[in-house]
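# Here's a sequence, model it:
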Amino acid sequence: MKAVEKNFDCQLCKEKVESKPDLVRHFLSSHGKYLCPLCPNHISNSIVDLSKHGSDSHSVIKCDSCLKSFAHLEALWSHSKSPCLKVRYDCPLCDHAANSVDELNRHGEEHETFFCDNCLKSFPHLEALW
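Predicted coordinates for the structure are as follows:
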């Protein structure tokens with residue numbers, strides 16, 4: 001099995017992570033800071049500051065991993081917290097693949113099926129998950 005390269009370093013604690021979205025998640029979970037997913041050195045203390053930075057500094061806002069475009073930097077930041085294209089959740093009932101369990105559940109409504117966040121077991125009613 002090939003070793004995963006960790007090419008992204010945290011500026012605050014020097015921890016190494018595999019991708020830019022991982023670095024964005026690390027900054028919030030470990031340091032309570034918002035790292036701009038587009039600028040390697042811009043760190044904000046709040047989502048409001050990050051949003052202001054985005055409107056002042058970036059005209060095109062795209063995810064480096066999946067190239068999805070966003071109207072606002074905070075939407076890209078929120079997207080960066082998700083696994084992006086690394087983890088796909090395949091619908092067991094058709095060929096649809098989702099980026100998150102929430103997205104899979106939205107899709108599952110078409111089949112009148114809902115999926116558990118932990119085991120991905122399917123249920124006919126959302127209430128059955130609780």
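# Point out where the chain drops to low pLDDT.
Scanning the chain for pLDDT under 70 picks out 1-6, 40, 64-67, 81-88, 115, 117-118, 124-130.
# longest helix of it?
Secondary structure assigned by DSSP state H gives helix 47-57 as the longest helix of the chain.
# Could you export it as PDB, CA atoms only?
What follows is helix 47-57, C-alpha atoms only, in PDB (Å, rounded to 0.1, in the frame of the first residue of the first chain):
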ATOM      1  CA  ILE A  47     -16.400  33.500   9.800                       C
ATOM      2  CA  VAL A  48     -17.400  37.200   9.400                       C
ATOM      3  CA  ASP A  49     -13.700  38.300   9.100                       C
ATOM      4  CA  LEU A  50     -13.200  35.400   6.600                       C
ATOM      5  CA  SER A  51     -16.200  36.500   4.600                       C
ATOM      6  CA  LYS A  52     -14.900  40.100   4.400                       C
ATOM      7  CA  HIS A  53     -11.400  38.900   3.400                       C
ATOM      8  CA  GLY A  54     -13.100  36.800   0.600                       C
ATOM      9  CA  SER A  55     -15.100  39.700  -0.800                       C
ATOM     10  CA  ASP A  56     -12.100  42.000  -0.600                       C
ATOM     11  CA  SER A  57      -9.500  39.600  -2.000                       C
END
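# Would you mind identifying the next helix or strand past that helix?
Next in sequence after helix 47-57, counting helices and strands by DSSP states H and E, comes helix 73-80.
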